[in-house]
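Chemist: Predicted model follows, preceded by the sequence.
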Amino acid sequence: MGFQVLETSKLLNYARARSLWIVTFCTGCGGVELPPTATARFDFERFGIISTPSIRQADLLLITGYVTPKTLKRIIIVYEMMRNPKYIIAHGSCPINAGIYWDSYNTVKKLDLYIPVDVWIAGCMPRPEAILRALVKLMRMVKEGKALGWKRYLENFEFYRKNQDRLFGKDWRKREIEKLRFYIHD
Ligand code: SF4
């Protein structure tokens, strides 16, 4: 009888893929498709996926619809407070190219200029089947060590920072953290 010895990284990736914890944070209208994806009919918990209010223990951030600059600031701060490795799935046309809000003065048009997205879901609004498919795709990428948005963010931080500063103005992070200080317990 032989034992198959898994490399530590493979074992870790397998465990990560089977225990994705989602930050409870929804933007836009796509959030309403999450309850049916989580509950009895589609039941994402069977893959080890759960929602958590704890940013520091979550590893998956879902952007569930259109994003305004004000929301994007919060998204970036939440993303930066999550531990590595961490992943992002963006739901629907709005995060991809602002969708039906393409000519709005207040909608972010290209989300991946500001934060790294691992999996995109096309559609307006994507049904639970599409969300489930994206989750399974992300699980496969994590298992194979190919969900590397978090690494891209670290390696190209200057690129992301410059784009963020251009949109929000210099020192925006400092100003936002000052405002949020009341909620942050280190
Ligand atoms: S893609 Fe459609 S459902 Fe999603 S946020 Fe935009 S308008 Fe709403």
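Modeler: Sure thing, it's come through. Numbering: from 1, shown residues only.
Chemist: so how far is stretch 149-163 from its chain's centroid?
Modeler: 15 Å (C-alpha atoms, centre = their mean, to the nearest Å).
Chemist: Go through it and flag the buried ones.
Modeler: Under the neighbour-count criterion of 16 or more other C-beta atoms under 10 Å, stretch 149-163 has 149, 150, 152, 153, 160 buried. Every C-beta, even on glycine, is put in place using the N, C-alpha and C of the backbone.
Chemist: Give me the local confidence score for the first one.
Modeler: Per-residue confidence at residue 149 stands at 97 (pLDDT).
Chemist: hang on, isn't it packed against residue 117?
Modeler: Yes. With contact defined as C-beta atoms under 8 Å, residue 149 reaches residue 117; the gap is 6.4 Å.
Chemist: which residues do the two both contact?
Modeler: residue 88 (C-beta atoms under 8 Å, 6 or more residues apart in numbering).
Chemist: from the buried residues of stretch 149-163, which is closest to residue 141?
Modeler: Comparing the buried residues of stretch 149-163 against residue 141 with C-beta to C-beta picks out residue 149 as the nearest, at 9.6 Å.
Chemist: mean confidence for the helix of greatest length in the chain?
Modeler: For the chain, the helix with the greatest residue count under DSSP state H is helix 128-143. Helix 128-143 comes out with an average pLDDT of 97.
Chemist: again with stretch 100-114
Modeler: Averaging pLDDT along stretch 100-114 gives 93.
Chemist: need the residues of this protein near the ligand, please.
Modeler: Proximity of the chain to the ligand (C-beta under 6 Å from any ligand atom) is limited to residues 28, 29, 30, 65, 66, 92, 93, 94, 99, 100, 124, 125.
Chemist: Distance check, the nearest residue to the last one once chain neighbours are set aside against residue 54.
Modeler: Right, residue 125. Nearest residue to residue 125, sequence neighbours excluded (C-beta to C-beta, 6 or more residues apart in numbering): residue 30, at 5.0 Å. As judged by C-beta to C-beta, to the nearest Å, residue 30 and residue 54 stand 22 Å apart.
Chemist: Compare the two (neighbour count), which wins?
Modeler: residue 30 (25 against 10; other C-beta atoms under 10 Å).
Chemist: What residues does that one make contact with?
Modeler: 64, 65, 91, 92, 94, 125, 126.
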